Every structure is written in structure tokens, then in C-alpha cells.
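Visitor: what shape does this take:
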Amino acid sequence: MNASLQEWLELRAVKGLGPKLFVRLLDIFGSPQAIRSASRSRLVAEGEISSALAQALHQPPSPETQRQIHQELEAVQAGQFSLLPFTHPGYPAKLKTIPDPPAILAITGNLLPQDYYALAIVGARKASAHGRAFTQKLSGDLAALGFTIVSGLARGTDGVAHEGAMASCGRTLAVLGCGIDHMYPPEHRSLRRKIEEQGAVLSEFPMGTPPHAYHFPQRNRVISGLALGVIVTEATSKSGSLITARLALEQNREVFAVPGNVNSPLSRGPHFLIKQGAKLVEDVPDILEEILPILDPEFQEHLKKQQLTVQGTSPQVELGTEEQQVLQLIPLDPVSLDDLISQSAYSSSEVMSILLSLEIKGLIKQISGLQYLRVPFR
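Guide: Next up, the predicted model:
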């Protein structure tokens, strides 16, 4: 197996041979060995590549490249991660359908067949309190239904999406913009370990590749490629999340966007997408309404067993008069305890008691600084 993997890694190392061309040559010639064995004239004629690239394909790897490949194979042998070539039976089926799938995926954790039913959630690194709460609830609800949540392990929205899925005992996949042996961002080390227990971490980059900024747009096409659709929660007008959404469209994936405060810069990205035709998302049924027709009958039946309909997922919660009045004072954006006390007709101790009751019922959430916000989907 290592001999076969070595051929894949040597071919990946050829300069000028990007993922799209790599896979096209595989389709024509069948294997890395067959590609390297083909004559230059045949590579140029049938592979439709330049003579210079055909010549490069016949050159042996440099000593430095050979050393790096040897190190990567040793790491695989030691069980640090696994490598999935494009032709491996366990390679993600959805990812194979994009125009430029990675020729090789490095993986920690495990991919499972049910990861075919995946949805990507992406957004701002500096997400608002409301955006984080919305993302966590959305991710958790979708994961509880059996969808695998895909994101990029970045700060902010990505991390919250992974956490929400795992809090519902669901599966999640993280796609890196660096080598599988790198930990970026470093503060997500413990989160990554949890993801590896309830899903997988993936990278197409060679071992040792640092997290350069230009790697992340390339990473984003894998995030969208693994999923049935991409959901953008919060994003500025220049956010990388919009790149992911554009790539999703090019890959014939669904695109969803969560509306927000018109005065917030974090709403500009989703609002732009909605103007361009993305599906507006306020709750889980908005997503299901769009993707149910493309799901196979077996998974549709699974969703029915989860007692989910496009009319809504949240149970009705009975509230007393005091609870209703205080809940009306709490928006989706954070509001302080002092403001709630001043706006209500109740004493501070009564307000705190009512807030505790609303929190227990899952209708509101307390965040840092004695602030409260309403939980979405209620």
C-alpha cells in the first residue's frame, strides 16, 4: 500500500499539476503509475497538457521532495493520520463530483457513509453573540436530524458550528487550510480532538504545509464540495464565506443565508447572497424545504421518523403572563439585566426569577456581562 501511496504523493508533488488536471489524467490513464509511464507524446495528445508538463511528469522527485514524501509515509505508517487517494472506496462521494476534487485527502478521525448527508455552515470569525447562538442552535438541530455538519475549524462561526453538532451527539467534519499535522488555530486543539472522536478532520495539503492565507480559498471549495448545501450565518462584504458560497454555486450546491440587522456589517454578506437568490433561512424548515427534493427516499423517511416537518421543529412551550411579558423585552441581540429590570414592571428579584425560568425552558440564553438574548427557532 505504501508503494502505491508513494506514487500518488510523487505525482501530487509535480509542479503545474493542479487537482483538476490530476483527476482528469486519472480518468484518462487510470492510475498515477500509468500516467508516469505514458509517453510524452501520448500525455500531450490524450492528456491535452503542455510538453513542459509532460516532461516534468517523467522527472524523478528532487531529493528534498523524496525526503518529505518519506516523512509523510512514515507518519501514515505510525498511525498519525491516513491518506485517501481519489480512487479509494472511502473517498467522499459528494467531493468526487466537483470539477477539481483533491487528488489525496489526509484524514484524522473517521469518515462514514452517512457523511454523504452533510451541510456546511460558515460565517464570520468575529461573530456576534446572536450569530454564535443562532449558529450553535442551527448546527445542533441539523445534526440531531442526522446531517453531518461541515466547517473549517476557524475561530468564530466555524468553531461554534462544530460545537453545536457535537452537543447534539451528531457528526461533524473540519477541513483545514494547512497540513494535517498542523494545529490552526492553536486554541482549537481540544475542539479538534473532540471532532476526531465524532467525525473527521481533513486536509488536501502535504504534511508540514503552514496555514498561509492563500490556502483558505482553496480549502473552501472542499468545505462546499463535501456538502449538499452551504449556510452562511454572518459575514462581512469581504468575507471568505462569500467565496465558499460562490464555489458552492459553481459546484451546483444549494446556498442559504441568514438575515440579520441591516445596520450590522456582519449582515452585509448574507443580505448580498439573498439578493443574488440564496434561500433565506430563519429556521431548519427553510433548509429542508429546499433540499428535501434532492434527498433519497430512505433519508426522507429518516427525517419523517424524527417527527420533523417543514411547518416547524420547536415544541410549544406554555408561558405564564409574567414570562410572556419579560420574553417580549428580550430581542435576538443581547440586552443587559439592568435594562430588562428598568423596562419591566417587576422587581429585580422577580425579573431574575422569570429569566431563570425562561432559560430553563430553553427560550433565552445568558451570555457574559449579565446579558440575555432570545434563542432562535422559538
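Visitor: contact partners for the residue positioned nearest the centre of the chain?
Guide: Centroid check for the chain by Cα atoms, centre = their mean gives residue 151 as the closest residue, at 1.9 Å. Residue 151 makes contact with 120-122, 157-159, 161-162, 172-175, 223, according to Cβ atoms under 8 Å, 6 or more residues apart in numbering. Every C-beta, even on glycine, is put in place using the N, C-alpha and C of the backbone.
Visitor: show me those that map onto helices.
Guide: Using DSSP state H, the members of those that fall in helices are 157, 158, 159, 161, 162, 223.
Visitor: turn those into JSON lines, columns for pLDDT and distance to residue 18.
Guide: Below are the ones in helices among the contacts of residue 151 laid out as JSON lines (pLDDT from 0 to 100; distance: Cβ to Cβ, whole Å):
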{"residue": "157", "pLDDT": "97", "distance to residue 18": "29"}
{"residue": "158", "pLDDT": "97", "distance to residue 18": "25"}
{"residue": "159", "pLDDT": "97", "distance to residue 18": "30"}
{"residue": "161", "pLDDT": "97", "distance to residue 18": "29"}
{"residue": "162", "pLDDT": "98", "distance to residue 18": "29"}
{"residue": "223", "pLDDT": "98", "distance to residue 18": "18"}
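Visitor: convert the C-alpha atoms of the helix or strand encompassing residue 45 to CSV, please.
Guide: Take DSSP states H and E as the rule and residue 45 turns out to sit in helix 40-47. In CSV, the C-alpha atoms belonging to helix 40-47 read as follows (Å, rounded to 0.1, in the frame of the first residue of the first chain):
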residue,chain,number,x,y,z
ARG,A,40,5.3,12.4,-23.6
SER,A,41,3.6,12.4,-27.0
ARG,A,42,0.6,10.5,-25.6
LEU,A,43,0.4,12.7,-22.5
VAL,A,44,0.3,15.8,-24.7
ALA,A,45,-2.1,14.3,-27.2
GLU,A,46,-4.6,12.5,-25.0
GLY,A,47,-4.0,14.4,-21.7
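Visitor: tell me the buried residues in that helix?
Guide: 43, 44, 47 (16 or more other Cβ atoms under 10 Å).
Visitor: A strand includes residue 83, no?
Guide: Yes: assessed with DSSP: H, G, I helix; E, B strand; the rest coil, residue 83 lies in a strand.
Visitor: mind listing what it touches?
Guide: 5, 8, 9, 72, 76, 104, 105, 106, 107.
Visitor: quickly note the distance from it to residue 35.
Guide: 18 Å (Cβ to Cβ, to the nearest Å).
Visitor: quick revisit: and the buried residues of helix 40-47, which is closest to residue 30?
Guide: Comparing the buried residues of helix 40-47 against residue 30 with Cβ to Cβ picks out residue 47 as the nearest, at 12.2 Å.
Visitor: verify the stated contact: the closest one with residue 26.
Guide: No: checked against Cβ atoms under 8 Å, the pair residue 47 and residue 26 is beyond contact range at 10.4 Å.
Visitor: identify the contacts common to the two.
Guide: Joint contacts of residue 47 and residue 26 (Cβ under 8 Å, 6+ apart) are residue 35.
Visitor: what's the pLDDT at residue 1?
Guide: We have a pLDDT of 50 for residue 1.
Visitor: the helices in the stretch 251-378 of the chain, which residues?
Guide: Using DSSP state H, counting those that start in this stretch, the helices of the stretch 251-378 of the chain run over 268-275, 284-291, 297-305, 321-327, 337-343, 348-360.
Visitor: list the contacts of the first one.
Guide: Contact partners of helix 268-275, identified using Cβ under 8 Å, 6+ apart, comprise 124, 232-237, 239, 241-242, 245, 255, 257-260, 262, 278, 280.
Visitor: in that helix, which residues are buried?
Guide: 268, 269, 270, 271, 272, 273, 274.
Visitor: and for the fourth one?
Guide: Judged by neighbour count (16+ other Cβ under 10 Å), helix 321-327 contains these buried residues: 322, 323, 326, 327.
Visitor: and what of the longest one?
Guide: Judged by neighbour count (16+ other Cβ under 10 Å), helix 348-360 contains these buried residues: 351, 354, 355, 357, 358.
Visitor: just give the nearest non-adjacent residue to the fourth one, would you?
Guide: By the measure of Cβ to Cβ, 6 or more residues apart in numbering, the closest residue to residue 357 outside its immediate chain neighbours is residue 323, 6.0 Å from it.
Visitor: per-residue confidence for the one you found?
Guide: Note for residue 323: predicted pLDDT of 90.
Visitor: next: the one 4 residues further on.
Guide: On pLDDT, residue 327 comes in at 91.
Visitor: the one 10 residues further on too?
Guide: Each residue has a pLDDT score; the one for residue 337 is 92.
Visitor: find the nearest non-adjacent residue to it, please.
Guide: Nearest residue to residue 337, sequence neighbours excluded (Cβ to Cβ, 6+ apart): residue 370, at 4.3 Å.
Visitor: could you double-check that the one you found sits in contact with residue 335?
Guide: No: counting by Cβ under 8 Å, residue 370 does not reach residue 335; the two are 10.2 Å apart.
Visitor: which of those two has more neighbours?
Guide: residue 335 (17 against 13; other Cβ atoms under 10 Å).
Visitor: that one pairs with what?
Guide: On the basis of DSSP bridges, residue 335 is bridged to residue 372.
Visitor: from residue 350, how far out is it?
Guide: In this view, residue 335 and residue 350 are 17 Å apart by Cβ to Cβ.
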